[in-house]
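> Sequence below, structure please.
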Amino acid sequence: MVVIALLLLLVSLVSVDLHGRLRQVRADRDATRFARTLRLAAEEAILRRQSLVVVIEVYDGYYTVYEANAKNEYYDAEPLLPRASLDHYWIDQIEFDDGSQQYSGEVIITVGPEGFPSSLLFHLVDRDDRRMYVRCDRFTPRVVWAAQPLEMPEVRAAVSPGAVL
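Presented below is the predicted three-dimensional model:
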């Protein structure tokens, strides 16, 4: 009887740990997919040599990539990628390189052939209060994600084509 009780206790401890670990893996995959979508949009804009629009609904966690027209409008366009969502994280805060912040609403990022027009830092939080950080860097297609807080990069000026350095 004692052996069976000890085995049941051991199995319950292992299953609780596995459940928590599985939840963490799913959440990390969620944040990684979000970061990859941002990077893919920037790389695609560079390859196409045209602007794309990434629409992020901060409150709901949905994000979509559209091809922008000449006026950078996307309303009637078909999405380039299927609409996706953050299922395990929510966007707690977005920092912009000009010092402003956004906590709710919709964020529209126009990504051009030169990459992201400004640096953005997304603070993601899951229900266990674990945090993930996703940063898009200005004038590059670079997107970085980490579990540790990320610093906002120094603001760099755009280099015009044909400029001599």
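
> mind listing the strands for this structure?
Counting by DSSP state E, the segments of the chain that form strands are 52-57, 62-67, 84-85, 89-96, 101-102, 106-111, 120-126, 131-136, 143-146.

> Mean pLDDT added to these, as TSV?
TSV is the format used below for these (pLDDT from 0 to 100):
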stretch	mean pLDDT
strand 52-57	91
strand 62-67	91
strand 84-85	92
strand 89-96	94
strand 101-102	94
strand 106-111	91
strand 120-126	94
strand 131-136	95
strand 143-146	94
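
> Nearest to residue 40, out of those strands?
strand 62-67 (7.5 Å; Cβ to Cβ). The C-beta positions use only the backbone N, C-alpha and C, and glycine is treated the same way.

> buried ones in stretch 87-95?
Buried residues in stretch 87-95, counted by 16 or more other Cβ atoms under 10 Å: 88, 89, 91, 94, 95.

> ok so, going back, is it possible to export the strands of the chain to TSV including distance to residue 20?
Converted to TSV, the strands of the chain look like this (distance: least, Cβ to Cβ, whole Å):
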stretch	distance to residue 20
strand 52-57	28
strand 62-67	27
strand 84-85	22
strand 89-96	16
strand 101-102	31
strand 106-111	31
strand 120-126	12
strand 131-136	16
strand 143-146	21
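
> Nearest to residue 4, out of those strands?
Of all the strands of the chain, it is strand 120-126 that lies closest to residue 4, at 36.1 Å by Cβ to Cβ.

> Does anything pack onto the closest one? Which helices or strands?
Here strand 120-126 touches helix 2-48, strand 89-96, strand 131-136, going by 3 or more Cβ pairs under 8 Å, 6 or more residues apart in numbering; DSSP states H and E.

> out of these, deepest packed?
strand 131-136 (a mean of 21; mean count of other Cβ atoms under 10 Å).

> between that one and strand 52-57, how many degrees?
With axes from the mean of the first three to the mean of the last three Cα atoms, to 10 degrees defining the directions, strand 131-136 sits at 150 degrees from strand 52-57.

> and strand 131-136, which strands flank it?
Looking at strand 131-136 with DSSP bridges, its partner strands are strand 120-126 (antiparallel), strand 143-146 (antiparallel).

> Now do it against strand 89-96, angle only.
Using the same axes, to 10 degrees: strand 131-136 against strand 89-96 is 50 degrees.
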